[in-house]
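Engineer: Let's see this in three dimensions:
(one chain, ligands or ions: 1)
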Amino acid sequence: MKPTDPEVEKMREAARAAMKNAYCEYSGFAVGAAVLTGAGEVFVGCNVENASYGLTMCAERNALFQAVAQGHRDLKAVVVVTPTEKPATPCGACRQAINEFNPDAEIFCFAENNVVEQFKLSELLPHAFGPRNLGRE
Ligand code: THU
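Structural biologist: Predicted coordinates:
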């Protein structure tokens with residue numbers, strides 16, 4: 001996949017819209033995410049913070065869990081959008097959550113002005129612990 005693919009463009013638009021709904025009262029850092037399933041569906045998420053800071057949910061996991069909750073475990077790609085000059089990559093917890101469903105997922109990180117970085121999840125989380133280590137595929 002490439003950042004200019006229509007599917008990725010569609011995800012970026014969806015993630016950008018979700019970013020506007022971020023509940024980031026404490027950090028002021030809004031994040032939007034979109035995940036793409038193997039069948040082509042797109043699910044979105046934003047970060048949702050809490051007065052009890054540790055309960056904060058990242059945009060990426062929010063989007064991923066939306067997909068899973070609606071019966072879609074075949075994860076193909078994740079787009080992250082941040083209102084920053086440089087792209088921001090998913091945090092460690094989100095990398096681990098993505099790994100559960102596809103260690104080779106494509107990750108696109110968009111900053112403002114369409115600056116984009118592209119990775120395979122396995123580049124961001126090498127030597128991951130996952131279902132395989134528990135005898136599952
Ligand atoms: N955040 C995300 O939503 N995704 C990430 O990958 C990194 C961090 C959120 C969590 C918190 O609401 C804010 O960004 C600052 O850490």
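Engineer: Surely residue 43 is in a strand?
Structural biologist: Yes: the assignment for residue 43 is a strand, going by DSSP: H, G, I helix; E, B strand; the rest coil.
Engineer: Correct me if wrong: it contacts residue 32.
Structural biologist: No: counting by Cβ atoms under 8 Å, residue 43 sits too far from residue 32 to count as a contact (12.0 Å). Just so you know, the C-beta spots here come from the backbone N, C-alpha and C atoms, and that holds for glycine as well.
Engineer: between these two, which one's more packed in?
Structural biologist: residue 32 (30 against 23; other Cβ atoms under 10 Å).
Engineer: Show the contacting residues for that one.
Structural biologist: Residues counted as contacts of residue 32 (Cβ atoms under 8 Å, 6 or more residues apart in numbering) are 15-22, 44-46, 59, 80-82.
Engineer: please redo it, this time with the cut-off set to 10 Å
Structural biologist: Residues near residue 32 by Cβ atoms under 10 Å, 6 or more residues apart in numbering: 11-22, 44-47, 59-60, 62-63, 79-83, 110.
Engineer: Repeat that for residue 65.
Structural biologist: Listed by Cβ under 10 Å, 6+ apart, the contact set of residue 65 reads 35, 43, 45, 57, 97.
Engineer: ok, now how distant is the closest residue to the fourth one other than its chain neighbours from residue 129?
Structural biologist: For residue 57, ignoring the flanking residues on the chain, the nearest one in space by Cβ to Cβ, 6 or more residues apart in numbering is residue 48 at 4.8 Å. With the distance defined as Cβ to Cβ, to the nearest Å, residue 48 ends up 26 Å from residue 129.
Engineer: neighbour count winner among these two?
Structural biologist: Legend: neighbour count by other Cβ under 10 Å for residue 48 and residue 129, higher for residue 48 (16 against 10).
Engineer: So what's the residue count around residue 82?
Structural biologist: Residue 82 has 23 neighbours, counted by other Cβ under 10 Å.
Engineer: before we move on, what about residue 13?
Structural biologist: Neighbours of residue 13 using other Cβ under 10 Å come to 16.
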